[in-house]
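Colleague: kindly return the folded structure for what I paste below:
(chains A, B, C and D)
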2 protein chains.
Amino acid sequence: MNERSFIIHTFEANRGCVITGSKRKNDKYHRILEAAIKVFADQGFYQSTVSQIAREAGVADGTIYLYFKNKDDILIQFFRDKTKQVFESFRKAVQGGAHAEGKLRQLIRLHLKAFQDDRNMAVVYQQETHQINRPAEEQIREMSKMYLDLLSEIIEQGQEEGSIRKDLYLGLVKRFMVGAVDEVINTWLHSRIEYDLAAMADPLVELMIHGVGVSRKNTERK
Amino acid sequence: MNERSFIIHTFEANRGCVITGSKRKNDKYHRILEAAIKVFADQGFYQSTVSQIAREAGVADGTIYLYFKNKDDILIQFFRDKTKQVFESFRKAVQGGAHAEGKLRQLIRLHLKAFQDDRNMAVVYQQETHQINRPAEEQIREMSKMYLDLLSEIIEQGQEEGSIRKDLYLGLVKRFMVGAVDEVINTWLHSRIEYDLAAMADPLVELMIHGVGVSRKNTERK
DNA sequence: GGATTATGAATGAACGTTCATTCATTTATC
DNA sequence: GATAAATGAATGAACGTTCATTCATAATCC
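Modeller: Predicted structure coming up:
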């Protein structure tokens, strides 16, 4: 942990210069990261070997240690950079929305779309977030909090607007929403047949808002 | 998979004689299984060693191979026996209920309670069900199907009774419910503070049935 | 401009360790 | 005493990590 000597300086420098001339170095960092995520997705983190990652990335085994402290660090960087970035993009996209329901729909639509478009990310995310004592513990906690905070904002806005009930235990509502989305993704990942994940967004949000029960006023909906 | 030679006969015989005189054998099988689940829960399946399991169970390393084909087989037996059994107990308990909503509440209450009472089981269950290419793939699929079928029955009954909407995409509704429960459990597992998991059942079911939207608002439809 | 030197990214064989599995031997049972 | 169960040291394959070496490119010198 404290022995992050020159190696770290090296790759932190690399990650810094996205636009500078030394494009080759930067490419390699990202190439290794992406290769690793593919291998992790295929085999799981602990069954993946550094050699496999190196082969997938088209570099030598040793090269990986010029860019990452160790195998764990690859996973940590994945959550620190890639996933966090995706979740930040959700935040930005949602800020434009008007009413709470629209924001919620937009968030979940984006979430499903992002995971559908990057299946490897989705697999690794699912795997690691359901692990105890995982290498990227702290990064996942942070990212998770970011998402939950975003949900909090939306829900509270909905309560002010009068579209969302006020007698809710917020902590539970958020888990309820996150869980539903996660499970829809998980089912998609494990399904043998292919279907459009993003198309689940609208009916899912509809369920979250109205529930499965028959409302007292309308016996027949739709 | 096809090399299940004499070893399998051995432990299948053991598992058969629950009530017979040879109680000691049976004890050892379950002792190892329980020890393994504890170790898996603490460290994760792939970081756990057979020696650790043996030490935890109070037997020699080699003894494990008298009862299980290999390390993977321990996990497979866990899902084939223990977890499946728990889920079957849900089914029995729910059959007594009257209306659909009561059954749903009962199911989720039991689910949360069972997982709260056996934290090791809960951890291993969470870990493995979110893995791709897991050793117990088939067993998990089967168990998952059992749970989903149970939900199907309840929902369909609710639709007949008029308490559950008929315009629902059943496959999605089931994921929505399973996901919410799973996430509540997952949060509980990862929480640094202790709280009563089973107490979440009622508010959770309430959310599933009525959603987060204000109920008067049936005028607005999307 | 051409020759010489310095640099550090990249390599991949080698190392040390870990760990699932085996099996010759011991212990328990009847 | 014969059979079955249990043991745990031994085995060897697998894997994360290291490091001496290579070599293309950059810097320096005349």
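Colleague: contacts and neighbour counts: CA atoms only from here.
Modeller: Noted.
Colleague: mind listing what the closest residue to chain B within chain A touches?
Modeller: Nearest residue of chain A to chain B: A:Gly211, at 3.9 Å (Cα to the nearest Cα). By Cα atoms under 8 Å, 6 or more residues apart in numbering or on different chains, A:Gly211 lies in contact with B:Leu207, B:Met208, B:Ile209, B:His210, B:Gly211, B:Val212.
Colleague: repeat the analysis, applying 6 Å as the threshold.
Modeller: B:Met208, B:Ile209, B:His210, B:Gly211 (Cα atoms under 6 Å, 6 or more residues apart in numbering or on different chains).
Colleague: could you find the closest non-adjacent residue to it?
Modeller: In this structure, A:Gly211 finds its nearest non-sequential neighbour in B:Gly211, 3.9 Å apart by Cα to Cα, 6 or more residues apart in numbering or on different chains.
Colleague: just the pLDDT for the one you found.
Modeller: pLDDT for B:Gly211: 96.
Colleague: state the phi and psi torsions of it.
Modeller: Per-residue torsions, B:Gly211: phi 70, psi -180 (degrees, to the nearest 10).
Colleague: neighbouring contacts of the stretch of helix or strand A:His30 belongs to?
Modeller: Using DSSP states H and E, A:His30 falls within helix A:23-43. By Cα under 6 Å, 6+ apart, the surrounding residues in contact with helix A:23-43 are A:Asn14, A:Ser48, A:Ile53, A:Glu56, A:Ala57, A:Asn120, A:Val123, A:Val124.
Colleague: would you mind giving the secondary structure of the fourth one?
Modeller: Which is A:Glu56. At A:Glu56 the chain is in helix, as set by DSSP: H, G, I helix; E, B strand; the rest coil.
Colleague: now it: closest residue in space, sequence neighbours ignored.
Modeller: Nearest one to A:Glu56, counting by Cα to Cα, 6+ apart, is A:Ala35 at 5.5 Å.
Colleague: mind listing the helices for chain A?
Modeller: A:5-16, A:23-43, A:50-57, A:61-67, A:71-77, A:84-95, A:100-117, A:119-129, A:137-161, A:170-190, A:201-210 (DSSP state H).
Colleague: which one of the ones you listed lies closest to DNA strand C?
Modeller: helix A:61-67 (3.1 Å; Cα to the nearest atom of the strand).
Colleague: ok, the closest one near DNA strand C or not?
Modeller: Yes. Counting by Cα under 7 Å from any atom of the strand, DNA strand C has neighbours in helix A:61-67: A:Asp61, A:Gly62, A:Thr63, A:Leu66.
Colleague: out of the residues you listed, which touch chain B?
Modeller: With Cα under 6 Å from any Cα of the partner chain as the criterion, the residues of helix A:61-67 next to DNA strand C include none near chain B.
Colleague: for PyMOL, what selects the buried ones among these?
Modeller: This is the PyMOL syntax for the buried subset of the residues of helix A:61-67 next to DNA strand C, where burial follows 16 or more other Cα atoms under 10 Å in any protein chain shown:
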select buried, chain A and resi 61+66
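Colleague: need the worst-confidence member of the residues of helix A:61-67 next to DNA strand C.
Modeller: Minimum pLDDT for those is recorded at A:Gly62 (88).
Colleague: contact partners for A:Arg80?
Modeller: Residues near A:Arg80 by Cα under 6 Å, 6+ apart: A:Gln139.
Colleague: distance of it relative to A:Ala41?
Modeller: According to Cα to Cα, to the nearest Å, A:Arg80 stands 17 Å off from A:Ala41.
Colleague: not counting sequence-adjacent ones, nearest residue to A:Arg91?
Modeller: A:Leu150 (6.9 Å).
Colleague: pull up the gap between the one you found and A:Ile108, please.
Modeller: Counting by Cα to Cα, the gap from A:Leu150 to A:Ile108 is 11 Å.
Colleague: ditto for A:Ala60
Modeller: Taking Cα to Cα as the measure, A:Ala60 falls 40 Å from A:Ile108.
Colleague: number of nearby residues for A:Glu160?
Modeller: A:Glu160 has 13 neighbours, counted by other Cα atoms under 10 Å in any protein chain shown.
Colleague: ignore the last one, A:Leu197
Modeller: With other Cα under 10 Å as criterion, A:Leu197 counts 20.
Colleague: need the contact list for it.
Modeller: Not one residue lies near A:Leu197 by Cα under 6 Å, 6+ apart.
Colleague: swap in 7 Å and give it another go.
Modeller: By Cα atoms under 7 Å, 6 or more residues apart in numbering or on different chains, the residues touching A:Leu197 are A:Leu112, A:Gln116, A:Trp188.
Colleague: any chance of the residues you listed in JSON lines, plus neighbour count and distance to A:Ser144?
Modeller: Listed next are the contacts of A:Leu197 as JSON lines, based on neighbours: other Cα atoms under 10 Å in any protein chain shown; distance: Cα to Cα, whole Å:
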{"residue": "A:Leu112", "neighbour count": "21", "distance to A:Ser144": "16"}
{"residue": "A:Gln116", "neighbour count": "19", "distance to A:Ser144": "19"}
{"residue": "A:Trp188", "neighbour count": "16", "distance to A:Ser144": "21"}
